[in-house]
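S.K.: 3D, please:
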Amino acid sequence: MKIESQIEKISSFQHLELLANQIVEGFISGMHKSPFHGFSAEFAEHKVYNAGESTKHIDWKLFAKTDRLYTKRFEEETNLRCHLIIDNSSSMHYPKLSEGQQFYESKIGFSVLASAVLMNLLKKQRDAVGLSVYSDTYEYYAPEKGSDRHHRMILNKLENLLAEPKQSRNTDTVTFLHQIAEKMHRRSMIILFTDMFQPGNEEALLNALQHLKHNKHKVVLFHVIDNKTELNFDFDNTPRKFIDLESGEEVNLFADNIKEEYEKRAESYFKKLSLTCAQNKIKYVPVAAGKNFEKILTTYLIEKQMFG
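M.R.: Sure, this is the predicted structure:
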């Protein structure tokens, strides 16, 4: 699924919504419709009114136009509630994009577009979506709702994340995952986008992820990374200054001197994360910023089927 062919530039949340819709439409044509018809705030289509049926759902405005009686036919409410969480710390605003690169080639841009894509799918399926954004503060919270107005509000917030690059904002994943968990009262699917650059105690981070699972929530962790430099440490061997985006700490070195050791430790960390999540029934999915969104959509659809 080539994103480049679908849109060149993002300048407003309408474009974000358009791009998300094109990605979803490219992935799924003809979303499976439920054979059951419950009642929801938005109806799918009309059907001719039959004598003897309840008059409660007759569309009187349509009657005034057509002089025929129709009732509103509703799509079944699936009642899935999904809460998206985005890590907006400084390390997520990496790599710094050069002219001509697309916004989704940074970790935050990828997370924003992936969230918009999932929102698009949730909206198609009449599901409710909420959003939390954190860095060194709990920046934003919106509970799960399904209205168009709510979707537009969240899309606007996502757009703002791209427009407001954070300088030297640390990550306090542990504190804010606990706070988010406390807000989640009804069973939901919780989807987290983070680069997992969390200083300190790994056990504390695991406890926070476990807390998200209380009340039988399903948790999906999308581990967003820049494959070229953060996984493969692919730099030329000129002397370089590496700066920690969150602490400001600097180190001068030749990349080749530590490439092998770095890659070994990165692989070890990823494996440990994957194993720990598996042991705790948290779906762990490493994703590369700037790549296609098939893995995001496939993971979501499979997890939704298992949500039950």
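
S.K.: mind checking pLDDT for the residue nearest to Thr71 when sequence neighbours are not counted?
M.R.: The spatially closest residue to Thr71, leaving aside those adjacent along the chain, is His57, at 4.5 Å (CB to CB, 6 or more residues apart in numbering). (C-beta placed from N, C-alpha, C; glycine too.) Model confidence at His57, given as pLDDT, is 78.

S.K.: and His57, how far is that from Ile225?
M.R.: According to CB to CB, to the nearest Å, His57 stands 50 Å off from Ile225.

S.K.: who has more neighbours, these two?
M.R.: A direct count of neighbours by other CB atoms under 10 Å for His57 and Ile225 places Ile225 higher, at 20 against 16.

S.K.: Walk me through the domains of this protein.
M.R.: 41-76, 81-306 (the TED database).

S.K.: okay if I get the ones you listed as TSV plus distance to Ala20?
M.R.: What follows is these, written out as TSV (distance: least, CB to CB, whole Å):
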stretch	distance to Ala20
domain 41-76	19
domain 81-306	4
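
S.K.: Can you point out the buried residues in stretch 255-272?
M.R.: Ala255, Phe270 (16 or more other CB atoms under 10 Å).

S.K.: swap that for stretch 219-238, please
M.R.: Buried residues in stretch 219-238 (16+ other CB under 10 Å): Val219, Val220, Leu221, Phe222, His223, Val224, Ile225, Asp226, Glu230, Leu231, Phe233.

S.K.: Secondary structure of the fifth one: a strand, I assume?
M.R.: Read that as His223. Yes: under DSSP: H, G, I helix; E, B strand; the rest coil, His223 sits within a strand.

S.K.: Tell me if I'm right that it and Lys271 touch.
M.R.: No: the criterion here is CB atoms under 8 Å, and His223 misses it with Lys271 at 11.9 Å.

S.K.: Can you pull the poorly scored residue ranges out of the stretch 1-150 of the chain?
M.R.: Counting by pLDDT under 70, the stretch 1-150 of the chain shows low-confidence ranges at 1-14, 28-47, 72-79.

S.K.: And the strands in this structure?
M.R.: Remark: strands assigned in the chain by DSSP state E are 43-48, 70-74, 81-87, 128-134, 138-145, 189-194, 218-225, 239-243, 250-254, 283-288.

S.K.: quick one on the thing from earlier: quick one: which of the domains of the chain is nearest Gln22?
M.R.: Comparison of the domains of the chain against Gln22 by CB to CB identifies domain 81-306 as nearest, at 9.3 Å.

S.K.: The closest one: end-to-end distance?
M.R.: Terminal residues of domain 81-306 lie 14 Å apart, using CA to CA, to the nearest Å.

S.K.: likewise stretch 49-67?
M.R.: End-to-end distance of stretch 49-67 (CA to CA): 12 Å.
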